[in-house]
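Peer 1: Could you look at this predicted model? Sequence included:
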Amino acid sequence: MSENGIRLLPLDDDSWRLEAYLRQGGYEAARKVLTSMAPREVVGEVCAAVLRGRGGAGFPAGMKWSFVPQGGTGPKYLCVNADEGEPGTFKDRLVLRRAPHALLEGMLITAFAVGIRTAFIYVRGEYARVSERLVEAIAEARSAGYLGPRVLGTDFGLDVIVHHGAGAYICGEETALLESLEGRRGQPRVKPPFPASVGLFRSPTVINNVETLAAIPQILARGAAWFLGRGVAKDGGTRLFGVSGAVRRPGVYELPVGTPLRQIIDVHAGGPPEGRSVKAVVPGGLSAPVLRPDEIDVPMDFDSLSRSGSMLGSAGIIVIPDDTPMLDVLHVTARFYAHESCGKCAPCRIGTSWILKTVQRLRRSGGSPADLDLILGLADGIRGRTLCPFGDAAALPIRAIVTKFRDELERAVVR
Amino acid sequence: MSYTPSPAALEKIEGTIALYPESSAALLPVLHILQGEAGFISKDAEIWAAAKLGLRPVRVREALSFYTMFKRAPAGRTTLLVCRNLSCALAGADDILGLIREKLGIGPGETTPDGAITLVTAECLGHCDHAPCLQVDGVDHGPVTRETVAALIEELQAHV
Amino acid sequence: MSGTKRVELTIDGLKVQAVERTSILKAAEQAGVVIPHFCYHPALEVEGNCRMCVVEIEGLPKLEPSCSALVREGLVVRTSTERVREARKDVLAFLLAEHPLDCPICDKAGECRLQDYYDRHGLTASRMVEPRERREKKLPIGRGLILDRERCVLCTRCVRFLRQIAGTGELGVFERGLRSEVGIFEEAHVDNGYSGNLVDICPVGAITAEDFRFKTRAWFLARKPSVCPHCGRGCAVTVESVSGYPLAGGERRVYRITARENPAVNGFWICDLGRDGRRDIDEGRHARLMKAGAPVAGLSWQTALADVAAAIRTVPGPERSARIAVVLNGRLTCEELALAKGLFVAGLGLSKVYFADPTPGSADGMLLTAERLPNARGVLEAGFAPRLPALGEIAAADVLLVFGTYLSEHFAEEALARAWAGIRSKFLFSAHAGPLDRLADIVFPVAVPAEKSGTYINVDGTRQTFAQAVKPVAGVAAEGAILAGLANSLAPDAGGGDAR
């Protein structure tokens, strides 16, 4: 938190330590929660704020917490999804680097609300260096009594363990994350049962994204109504929008949910460089179907993007310029999903590689419109048919590129 | 031919295992520690890790072969991890990769004959606002240019 | 103890009752609605990776896998809509795109799910023009099993079976995505007593047995149920054999023993010992009456049995109990044991009735019992108090009838030879060639259990009656027929009993 809770992400790189965080009012929300609120109240507040998951799926956080059975004698776990792997997404990196204590405070409040005493932060393997500050922040928090057996002198305790992955995008899927944390291949589990009842080590588990948890202190500090008011009716707060690709000022922009996409690109990120124009925009990480220039006046909230046939996802905006062949974009996309398919279920395991092989052939030696139809057919064979959302994440973007840029692709492949 | 990690690594490993309610959950962290020491994970290391964690070796290999960051054969002293996903591709990652291939004379997945550098491609390193980007032994670099990459390679090759 | 609560749902218009927490697939099966699947197996944990069993559930937007979706009150399920059929076609198209056209040389042809489902649910032309992945096709993984990675559909039944049932977990899945492959760690081969079940459960020809490789075709096999006679469990088995075409006329061969489902005894599995029983049926059999270990031209069963009856008759009634010895075994059926009791004990008044059985082994904690005979309980039920004779007790006899070869498992050949040397008339009734052959005056070739019908009582007291599963080798007779025949010829001499 910075600016006394108004911003989630400090604009500078120097206020990540505990001292700076405390000066901004850090851990006051946690103190209030631990000393004067009941867990159910906390869940209620987060539900009222309509905090939707910031990892990609957008599931309301408070609702997810409410699925964990109350009471019970066994352990419950909190898993922080810091596996940020959605192409075009780099916001969690910045939260880990600049606001690790916001994450920790959010974890503390969440754990209290659900009755959790142990939390694992699953950090993608490639973020080992990135997470060094997080590890230090945890040590700071422990020494100062914000983590450990008796937090802020209360009976509530929380242990936090940092766990690194080893290079697998699929571990961002919550059940694959659990499998990986348990020392196995990161292959998604059949649901039901859901992690809220059978999760880590078979115990009830809450899994939340880094940014989602880092937003919790704001909600408890300033209230659900305040948070909801910053966004739109069914999607509260601000988001960390990442902008990359053909823009003058790539970076993360903390803006209200519902800010129009065009505004984020042109006003905040400076628009395309001199002499270039926008050909296509990926709005929410590579798994969000691409938008044409005439489609980017859409408000950046979950429901609006859903209605436009895409998704807010991880809010990773990638701007594709006019001089980029869409066949290349299709290739990069197909290659990503084929490489990251975990291989468990048949349609994804075979379909993603089949699509890649087809695209590679088209790039190498051309083809016919029938090949593009084949790609669409394969995407349809994957969509809605797989064990986990990875299938849709692969199929829908590929389908969107081929459909929305059909003419260009046909010209490129028919030689 | 039995394998044991160094006393320092062993201490770290035992400390790590103690953090988890089930020892098998420590597999990935333990493999990272072993790779950190030897540069890769040998068959003997797999067997050692399996015994240490109460797993069958086949379970260790299952995990080892699933995750891209684990190396199963000796690698170069330095690993160059080059992103080629969309934002980096838009910023010229293909060109950068081509330059690296040319300068090192190897392709992705290969190690230079002098054992200095292993080249690997990656799918999105989460550093898209610094595209095109790469990692040198886990340290992020970006945005890189043909010039900065050439200089980087020279520097790496000089430290033989 | 969960869910004896029942719920009612509708499957394809049928009102179906099922115990709660049952999968839709299982409930459908119980109602006679068959849903195609590869990775699901009732004894293994659900994986949900093949996506073949998807169905439409009213109210849900996506097709759901019926193997993992549980029944609920009021659910309306459709297993055969256009959407479902399209989904099945697509799954098959994906699997076949990465599957070799091996049918002409693949042992699984004719009993392969991929073939069967393609025939029933696919029949689409292939759209795959890209080269498919080339993989290892003949990887020995242990116990005579061969893995063909090109054929593997990664259903993981084999991996799950070894982890969850056999408890040995030798197989794993390596790599990721399309490069995923099943394998072992280095040389840690599959090495457990249940490895043969992997061939049964592999839905395609990815795991095959060297023992069966290229030997025949599934559609030539006559499959008949029987009960395994190699231990006290009495697992349900299927004996698969070919008589005649394409073998030479008159030839008969048992190609394999497979597991047959019996929830009360062996569930879905049999052990490798039972599978190996294929050889017991076909190998080392003698089919000719023999004297002094060699076949005799022109010797008939009638004559030979008359010799046995005559030998018995030479011993006066009151002396029989001291001078005639009989060795039986626990592989005889209940019916045969009853005949033996009636003839030897009740009829002839013999007291020297002994039992020689296969030597016990170790129980394996699953199906295989320490006792290696199928009908120990049957022996007791027939009223026998079975014990192995001392050699001296046999040597003192004038007439000896031995059923089975198992004496040679308990005594050295020379010792047996010495013991039998002084016996005037010695008759052997056995199925397999062995060291006793040359010691006997006449050797009668008998049938093996698969060639007979009868009843065994297993180690838990379960009675199991089986019918003849395979044509007997020409020239053999079942012990039952022999005992009945002897009883017939001896009836006027037997004390008591009906004159037949």
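Peer 2: Nice, thanks for sending it over.

Peer 1: Closest to the centroid, which residue in the chain?
Peer 2: Picking chain A for this. residue A:55 (1.9 Å; C-alpha atoms, centre = their mean).

Peer 1: Wait, chain B was what I had in mind.
Peer 2: residue B:69 (4.7 Å).

Peer 1: Assumed that one was part of a strand.
Peer 2: No - checked against DSSP: H, G, I helix; E, B strand; the rest coil, residue B:69 lies outside a strand; its state is coil.

Peer 1: how about residue C:173, secondary structure?
Peer 2: Classified using three-state DSSP, residue C:173 is strand.

Peer 1: Is the lengthiest helix in chain A positioned near chain C?
Peer 2: As assigned by DSSP state H, the longest helix anywhere in chain A is helix A:346-365. Yes - Helix A:346-365 is in contact with chain C by C-beta under 8 Å from any C-beta of the partner chain, via A:346-347, A:349-354, A:357-358, A:361. Using the backbone N, CA and C atoms, a C-beta is placed for each residue, glycine as well.

Peer 1: out of the residues you listed, which is most surrounded?
Peer 2: residue A:351 (32 neighbours; other C-beta atoms under 10 Å in any protein chain shown).

Peer 1: ok so, going back, element containing the residue nearest to the centre of chain A, please.
Peer 2: Taking DSSP states H and E as the definition, one finds residue A:55 inside no helix or strand.

Peer 1: Tell me the spacing between it and chain C.
Peer 2: 21 Å (C-beta to the nearest C-beta, to the nearest Å).

Peer 1: and that residue, backbone torsions?
Peer 2: When read as degrees, to the nearest 10, the backbone of residue A:55 gives phi -90, psi -30.

Peer 1: Grab the nearest non-local neighbour of it.
Peer 2: residue A:209 (3.3 Å; C-beta to C-beta, 6 or more residues apart in numbering or on different chains).

Peer 1: burial count for residue C:214?
Peer 2: 10.

Peer 1: Now the helix or strand that the longest helix of chain A is followed by: average pLDDT?
Peer 2: Moving toward the C-terminus from helix A:346-365, the next helix or strand (DSSP H and E) is helix A:369-382. Mean per-residue pLDDT for helix A:369-382: 98.

Peer 1: Residue C:338 contacts residue C:382, doesn't it?
Peer 2: Yes - applying C-beta atoms under 8 Å, one finds residue C:338 in contact with residue C:382, separated by 5.7 Å.

Peer 1: which one of the two has more residues nearby?
Peer 2: Taking other C-beta under 10 Å, residue C:338 and residue C:382 do not tie; residue C:382 has more neighbours (22 against 18).

Peer 1: residues contacting the more buried one?
Peer 2: C:334, C:337-338, C:340-341 (C-beta atoms under 8 Å, 6 or more residues apart in numbering or on different chains).

Peer 1: and if you look at residue A:76?
Peer 2: A:68, A:114-117, A:203-206.

Peer 1: could you check the angle helix A:369-382 makes with the host helix or strand of residue A:337?
Peer 2: Using DSSP H and E, residue A:337 sits in helix A:326-340. Orientation check (axes from the mean of the first three to the mean of the last three C-alpha atoms, to 10 degrees): helix A:326-340 against helix A:369-382 gives 40 degrees.

Peer 1: returning to that earlier point: got the residues of helix A:346-365 next to chain C as a markdown table, with pLDDT columns?
Peer 2: Formatted as a markdown table, the residues of helix A:346-365 next to chain C follow (pLDDT from 0 to 100):
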| residue | pLDDT |
| --- | --- |
| A:346 | 97 |
| A:347 | 97 |
| A:349 | 98 |
| A:350 | 98 |
| A:351 | 98 |
| A:352 | 98 |
| A:353 | 98 |
| A:354 | 98 |
| A:357 | 98 |
| A:358 | 98 |
| A:361 | 98 |
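
Peer 1: what does chain B put close to chain C?
Peer 2: Neighbours of chain C within chain B, by C-beta under 8 Å from any C-beta: B:43, B:46, B:56-59, B:61-62, B:65-66.

Peer 1: if we can go back for a sec, filter the contacts of residue A:76 down to just the ones in helices.
Peer 2: Per DSSP H, the contacts of residue A:76 map to helices at residue A:114.

Peer 1: Columns pLDDT, distance to chain B and neighbour count on top of the contacts of residue A:76, output as TSV?
Peer 2: Below are these laid out as TSV (pLDDT from 0 to 100; distance: C-beta to the nearest C-beta, whole Å; neighbours: other C-beta atoms under 10 Å in any protein chain shown):
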residue	pLDDT	distance to chain B	neighbour count
A:68	96	18	24
A:114	97	18	23
A:115	96	17	17
A:116	97	14	25
A:117	97	12	15
A:203	97	9	18
A:204	98	14	23
A:205	98	12	27
A:206	98	17	27
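
Peer 1: quick one on the thing from earlier: now for the longest helix of chain A, which elements pack on it?
Peer 2: helix A:326-340, helix A:369-382, helix A:390-404, helix C:82-97 (3 or more C-beta pairs under 8 Å, 6 or more residues apart in numbering or on different chains; DSSP states H and E).

Peer 1: Quick check: buried residues in the worst-scoring helix or strand of chain B on mean pLDDT?
Peer 2: Every helix and strand of chain B was ranked by mean pLDDT, DSSP states H and E. The lowest is helix B:146-158, at a mean of 93. For helix B:146-158, burial by neighbour count (16 or more other C-beta atoms under 10 Å in any protein chain shown) applies to B:149, B:152-153, B:156.

Peer 1: Please see if the helix holding residue A:337 touches chain B.
Peer 2: Yes - using C-beta under 8 Å from any C-beta, helix A:326-340 reaches chain B at A:328-329, A:332-333, A:336, A:339-340.

Peer 1: For residue A:33, which three-state class applies?
Peer 2: helix.

Peer 1: Nearest residue to it in space, ignoring adjacent ones along the chain?
Peer 2: residue A:109 (5.1 Å).

Peer 1: Give me the contact list for the helix or strand harbouring residue B:94.
Peer 2: Here residue B:94, judged by DSSP H and E, is contained in helix B:93-104. The contact list for helix B:93-104 (C-beta under 8 Å, 6+ apart) reads B:80, B:82-85, B:107-108, B:112, B:117, B:119, B:121, B:131-132, B:134, B:144, B:146, B:149-150, B:153.

Peer 1: Tabulate the CA atom coordinates of the helix or strand following that helix in CSV.
Peer 2: Next along the chain after helix B:93-104, taking DSSP H and E as the criterion, comes strand B:117-122. This file holds the C-alpha atoms of strand B:117-122, laid out as CSV (Å, rounded to 0.1, in the frame of the first residue of the first chain):
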residue,chain,number,x,y,z
ILE,B,117,27.2,-21.0,-22.1
THR,B,118,24.0,-23.0,-22.4
LEU,B,119,21.3,-21.3,-24.5
VAL,B,120,17.6,-21.9,-23.7
THR,B,121,14.5,-20.3,-24.9
ALA,B,122,11.7,-19.3,-22.6
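
Peer 1: Many thanks, have a good one.
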